[in-house]
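A.B. asks: okay, here's the prediction I keep looking at, along with the sequence it came from:
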Amino acid sequence: MIKDQWYAVLSSHQVKNGKVTGARRFGEDIVFFRTASGELGCVGSACAHRGASLAKGCVKDKNIQCPFHGIEYDLTGRCVYVPSEGKGSVDDYSRFHMKHYHVCEAGGIVFVWYGDGEPVGEPDYFDVITDQGFAYDHVEDTWKVDYSRVIENQLDVSHLPFVHRTTIGRGNKTLCNGPKVIWLNDNTLQTSANNEVDEGQKPKSSEESIIKDTNLTFKFPNMWLNHVSDKIMILAFFIPVDDENSIIALRFYNKITGVKAVDRAIAWLGSRANKVVERQDKMIVETQLPKKTQLRMNETLVAADLPIIEYRAKREKLKGVRDQKK
Ligand code: FES
Ligand SMILES: [Fe+2]
């Protein structure tokens with residue numbers, strides 16, 4: 001994990017007003033809760049009193065109430081009420097305060113600040129998520145690997161004609177030109193598949209290759225966009241559950257007709273297609289060992305792996321930058 005980052009970790013629709021949603025993220029059990037008026041809080045799951053899970057609790061006014069003995073915590077995890085001590089208690093309850101996670105939302109996605117201190121800056125995301133012109137549909141799936149494996153799979157251009165030979169990789173284009181990798185800014189890398197049928201020609205180098213209109217962009221720490229065309233985009237965020245599990249959240253965005261109801265139906269169909277492709281990936285990636293990647297591993301890489309190397313190198317640098325700050 002890269003610390004001191006905003007991670008996309010949940011779809012906003014998964015925490016309804018007045019409800020609690022338990023989840024595992026960053027190897028920790030945590031709880032999201034939303035007040036009746038829509039404010040979102042996020043705290044550790046195990047109640048400070050005797051460890052019951054707040055995931056089974058409920059929202060009371062602006063607080064989350066533990067289901068065991070009714071202790072209440074506010075949106076920042078501060079203990080505000082211990083029923084057994086009575087409403088008249090003037091006791092200092094700071095010993096009960098819970099671990100609290102900073103949260104924010106954009107485009108129906110919940111971002112959590114994963115770091116030790118106060119958040120720095122805003123989450124970096126793709127404009128499509130807040131563009132009201134687009135309709136989208138959301139699906140997700142759990143993979144039994146670290147989220148780094150899922151990210152690297154989405155940057156891998158040479159698996160297409162094999163893993164997806166019946167879907168997006170049809171045509172036996174096994175020879176990979178490049179791929180070209182460019183950095184749009186310090187946080188954002190872009191590449192595109194530029195594959196051809198192998199007729200004995202020499203693959204073009206990365207320098208000779210181009211970024212095509214249909215391209216892949218990745219924003220650290222965990223968001224990806226497949227720009228299919230200006231009217232169709234597939235967004236993914238790779239949710240870190242723990243070292244051996246992750247969730248891939250996939251959204252199909254489109255504005256093909258400009259009529260919301262029709263575009264929504266198209267998005268729904270797009271999600272069905274996304275699921276088929278995603279299952280093809282999952283079946284193979286879940287067999288990769290180890291479950292978590294590092295900059296240098298016991299692998300034998302090829303030129304087509306360049307986007308993966310760029311991703312790993314930057315991730316390493318971001319981890320290092322943080323270590324130097326400590
Ligand atoms: S365990 Fe939560 S109030 Fe007792
Ligand atoms: Fe794939």
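C.D. replies: Okay, I see it. Residues are numbered from 1 along each chain as shown. Ligands and ions are numbered 1, 2, ... in the order given.

A.B. asks: show the pLDDT at the closest residue to residue 319 other than its chain neighbours.
C.D. replies: Leaving aside its chain neighbours, residue 319 sits nearest to residue 2 (5.5 Å; criterion: C-beta to C-beta, 6 or more residues apart in numbering). For glycine as for every other residue, the C-beta is placed from the backbone atoms N, C-alpha and C. You'll see residue 2 listed with a pLDDT of 96.

A.B. asks: now do residue 90
C.D. replies: So residue 90 comes in at 91 (pLDDT).

A.B. asks: what's the answer for the one 3 residues further on, then?
C.D. replies: At residue 93, the model reports a pLDDT of 96.

A.B. asks: again with residue 214
C.D. replies: Predicted confidence (pLDDT) for residue 214: 94.

A.B. asks: is it in contact with residue 190, as I believe?
C.D. replies: No. Residue 214 lies out of contact with residue 190 (C-beta atoms under 8 Å); the separation is 11.6 Å.

A.B. asks: quick one: low-confidence parts of the stretch 51-200 of the chain?
C.D. replies: The stretch 51-200 of the chain contains no residues with pLDDT under 70.

A.B. asks: quick one, helices of it?
C.D. replies: 147-154, 160-163 (DSSP state H, counting those that start in this stretch).

A.B. asks: between residue 214 and residue 190, which is the more surrounded one?
C.D. replies: Neighbour count, other C-beta atoms under 10 Å: between residue 214 and residue 190, residue 190 has more, with 17 against 12.

A.B. asks: now for that one: which residues touch it?
C.D. replies: 181-184, 211, 215-218 (C-beta atoms under 8 Å, 6 or more residues apart in numbering).

A.B. asks: make it 10 Å
C.D. replies: Applying C-beta atoms under 10 Å, 6 or more residues apart in numbering to residue 190 gives the contacts 180-184, 211, 215-218, 225, 227, 307.

A.B. asks: distance check, the closest residue to ligand 1 within the stretch 151-300 of the chain against residue 250.
C.D. replies: Residue nearest to ligand 1 within the stretch 151-300 of the chain (C-beta to the nearest ligand atom): residue 242, separated by 23.7 Å. Counting by C-beta to C-beta, to the nearest Å, the gap between residue 242 and residue 250 amounts to 21 Å.

A.B. asks: so if I had to pick from the two, which one is more boxed in?
C.D. replies: residue 250 (23 against 14).

A.B. asks: follow-up on the earlier one: isn't the residue of the stretch 151-300 of the chain closest to ligand 1 right up against residue 30?
C.D. replies: No. Taking C-beta atoms under 10 Å as the definition, residue 242 is not a contact partner of residue 30, at 11.8 Å.

A.B. asks: name the residues contacting each of the two.
C.D. replies: Common contacts of residue 242 and residue 30 (C-beta under 10 Å, 6+ apart): residue 24.

A.B. asks: now stretch 272-285: buried residues?
C.D. replies: Buried positions in stretch 272-285, judged by neighbour count with 16 or more other C-beta atoms under 10 Å: 274, 277-278, 280-282, 285.

A.B. asks: all strands for the stretch 151-300 of the chain, in order.
C.D. replies: 175-176, 181-185, 188-191, 195-196, 215-219, 223-229, 232-242, 245-254 (DSSP state E, counting those that start in this stretch).
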